[in-house]
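> compute the structure for the input listed below.
(chains A and B)
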Amino acid sequence: MTASLNAVDFRRGLVFVADKIIESEARLNALDAAVGDGDHGITMRLGFEAVKHRLTQLEDDATFDRLLMEAAQAFMSVTGGAIGVILAKMLMGGGSALRGISEFGTPELSLMLAGMATAVGKAGKAKPGDKTILDAIHAASEAAEDAAQSEQPLAVALPAAATAAETAAQRTAGMVCRIGRASRLGDRALGHSDPGAVSFSIMLRAFEQGAAAR
Amino acid sequence: MKKLINDPNQVVRESIEGLTLAYPQYVRQVEGLQAVVRRDAPVRNKVAVLTGGGSGHEPMFAGFVGPGLADGSVAGNIFTSPPPGPIVATAKAIQGGAGVLFLYGNYSGDTLNFDMAAEMLESDGIQVNTVRITDDVASAPKDQQADRRGIAGDFFVIKSAGACAEMGATLSEVTAAAEEANQNTRTMGIALSSCIIPASGRPIFDISEQDMELGMGLHGEPGIQRGPMRPADEVARQIVEAILADMPMDRGTEVAVMVNGMGATPLAELFIIFRAVSRLLSAGRISIIRSYVGNFATSLEMAGCSVTLMGVTPRLKPLLLAPAHSPALVQV
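The predicted structure is shown next:
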């Protein structure tokens, strides 16, 4: 990976995210069956099929923020459910943070993830520790912020953020849901990772791999 | 899994097409959307009542679209709220210039999507009020009533608001009627078996042949007690006692009752439950002025039922008794 990504790399990363999420349908359904109604993978697949389709239709020089805003609209137009709005707001939050930016390096990664965490916290009224997708976004955002402060290159910062998201997603298994439909499970959700958090960790890892695969 | 379907991903769309083909005298489909509106929508100068939510609860919600009930209903995929886009489009298809009232069960997905749709409509100059229905006694304690889910009691709220709107009331009056109906409506359900989601082909929870679960939600949300199967009269007593403990009623109170099947329980069993409910209420000198027994708010092919009581206030009484014409209910 070079020091920073351009919009073409960025789009390739997003398309790879879509491919990986579509591939992960069965795994995400199984995770959701433990704490919900077992359709998280279906919803994510439908949403990212639409995202992929939309991304391939955009003009070649579409900017970072436009790519994320269009992805958000595409996702929300077909999904519904809490995840439809929350994921769309996450992508929009990331998009807003990248407005006017032409090179994506570690500081921009940090900005994007912070924008995503803020947007999701506001939309879902969740806090870190509530066993939601926010746990993974928040952890990735903190890792990226640390990397930005210590001036790490993107080739270090992006994998570190993805690893932080994966660790945080795994850690949700030890938490009790405090928000959303699964909060009614109480202790019965213990031992099961939050499907949204796992989805986000898959997304960020796929983004890293896709964007690097020049 | 045996299901009479063509493609698991087309269940909602094909089912809505079938509903509108079957009942063209009441409803039509909004072109290109999983949405149903009353045949003569928009009705000029009338408050438009919009309901909706995840599919899998048929005939809720689309079955209650028609004169005297909702003006429109937007369906999401199975157990998933619809996105904001179709909600906005359907609201525009039914609004007659007097505002729109959103009525839906209180779930986080529905709230997020309907709230976003409301913002979009407001920015287009269409006034929107919202009442989230919270009748499920088992879903949260009494001091957290605003966190409760909406289940079969949705019907009484839609009925009250729909009748009020039909009589020419303003948006604030229709909203107040819906709130009053919601405040006076309580439901508790019981599940005997799980449903199977068409796209995953799997049951959403496990329950043994010997057990029942009191208070289980319409999407398999855990209830308040799982235990051995009991005779119908005892089940009815447990449910009615739980509802009356939550919403005490004086002797002489008038109520509307709904005994609702979850999808796989025969009507014969629902009438046995109704018989018991009726006896319990009359022993408490509570009089039933209207009753509904059947499959109204289902959970695909889940076995079980729910019992809903609505305390009928002077304002609600004419609304409850008003005529209604829809695919799932005709009341004259």
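> you'd agree A:Gly95 is up against A:Met69?
Yes. Using CB atoms under 8 Å, A:Gly95 is in contact with A:Met69, at 4.4 Å. (C-beta placed from N, C-alpha, C; glycine too.)
> so these two - more neighbours on which side?
A:Gly95 (23 against 20; other CB atoms under 10 Å in any protein chain shown).
> contact partners for that one?
Residues near A:Gly95 by CB atoms under 8 Å, 6 or more residues apart in numbering or on different chains: A:Phe64, A:Asp65, A:Arg66, A:Leu67, A:Leu68, A:Met69, A:Ala72, A:Gly115.
> distance of it relative to B:Ser200?
Computed as CB to CB, to the nearest Å, the A:Gly95 to B:Ser200 distance reads 32 Å.
> swap in A:Lys122?
Taking CB to CB, one finds A:Lys122 at 31 Å from B:Ser200.
> could you do B:Leu280 as well?
Separation of B:Leu280 from B:Ser200 (CB to CB): 39 Å.
> okay, those two: which has more neighbours?
Legend: neighbour count by other CB under 10 Å for B:Leu280 and B:Ser200, higher for B:Ser200 (22 against 18).
> surely B:Val128 and B:Met120 touch.
No. Using CB under 8 Å, B:Val128 makes no contact with B:Met120, being 9.4 Å away.
> so those two - more neighbours on which side?
Neighbour count, other CB under 10 Å: between B:Val128 and B:Met120, B:Val128 has more, with 23 against 16.
> give me the number of residues near the residue nearest to that one when sequence neighbours are not counted?
Excluding its sequence neighbours, the residue lying closest to B:Val128 (CB to CB, 6 or more residues apart in numbering or on different chains) is B:Ala118, at 4.3 Å. Using other CB under 10 Å, B:Ala118 is surrounded by 21 other residues.
> and the pLDDT at B:Ala118?
Listed pLDDT for B:Ala118 reads 98.
> now do it against chain A, distance only.
According to CB to the nearest CB, to the nearest Å, B:Ala118 and chain A sit 12 Å apart.
> now do the contacts for that residue.
B:Ala118 touches B:Phe102, B:Val128, B:Thr130, counting by CB under 8 Å, 6+ apart.
> which member of those is positioned nearest B:Arg275?
Looking at the contacts of B:Ala118 and their distance to B:Arg275, the nearest is B:Phe102, at 36.5 Å (CB to CB).
> that closest one: what secondary structure?
strand (DSSP: H, G, I helix; E, B strand; the rest coil).
> per-residue pLDDT of the closest residue in space to it that isn't next to it in sequence, please?
Nearest in space to B:Phe102, with sequence neighbours left out and distances taken as CB to CB, 6+ apart, is B:Thr130 at 4.4 Å. pLDDT, B:Thr130: 98.
> confirm that B:Thr130 sits in a strand.
Yes. Assignment of B:Thr130 by three-state DSSP places it within a strand.
> now do the contacts for it.
Residues in contact with B:Thr130, defined by CB under 8 Å, 6+ apart, are B:Leu101, B:Phe102, B:Leu103, B:Phe114, B:Asp115, B:Ala118.
> any chance of the residues you listed in a markdown table with distance to B:Val37 as columns?
Formatted as a markdown table, these follow (distance: CB to CB, whole Å):
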| residue | distance to B:Val37 |
| --- | --- |
| B:Leu101 | 15 |
| B:Phe102 | 14 |
| B:Leu103 | 15 |
| B:Phe114 | 17 |
| B:Asp115 | 21 |
| B:Ala118 | 18 |
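> which one of these sits in the busiest neighbourhood?
Going by other CB under 10 Å, B:Leu103 tops those with 31 neighbours.
> for the nearest residue to B:Ser193 once chain neighbours are set aside, which three-state class applies?
Closest residue to B:Ser193 in three dimensions, ignoring its sequence neighbours and counting by CB to CB, 6+ apart: B:Ala303, at 4.2 Å. Here B:Ala303 is recorded as strand under three-state DSSP.
> tell me where the chain has helices.
You didn't say which chain, so I picked chain A. Using DSSP state H, the helices of chain A run over A:7-23, A:25-35, A:40-57, A:64-78, A:81-97, A:106-124, A:133-149, A:154-171, A:195-212.
> meant chain B, my bad for not saying
B:11-22, B:84-94, B:108-123, B:154-166, B:171-183, B:232-246, B:267-283, B:316-321.
> tell me which of these is the most buried.
Comparing these by mean neighbour count (mean count of other CB atoms under 10 Å in any protein chain shown), helix B:154-166 comes out on top with a mean of 29.
> now the angle from that one to helix B:171-183?
160 degrees (axes from the mean of the first three to the mean of the last three CA atoms, to 10 degrees).
> by contact count, what packs against helix B:154-166?
Other helices and strands packing on helix B:154-166, by 3 or more CB pairs under 8 Å, 6 or more residues apart in numbering or on different chains; DSSP states H and E, are strand B:48-55, strand B:100-105, strand B:128-133, helix B:171-183, strand B:254-261, strand B:303-311, helix B:316-321, strand B:324-325.
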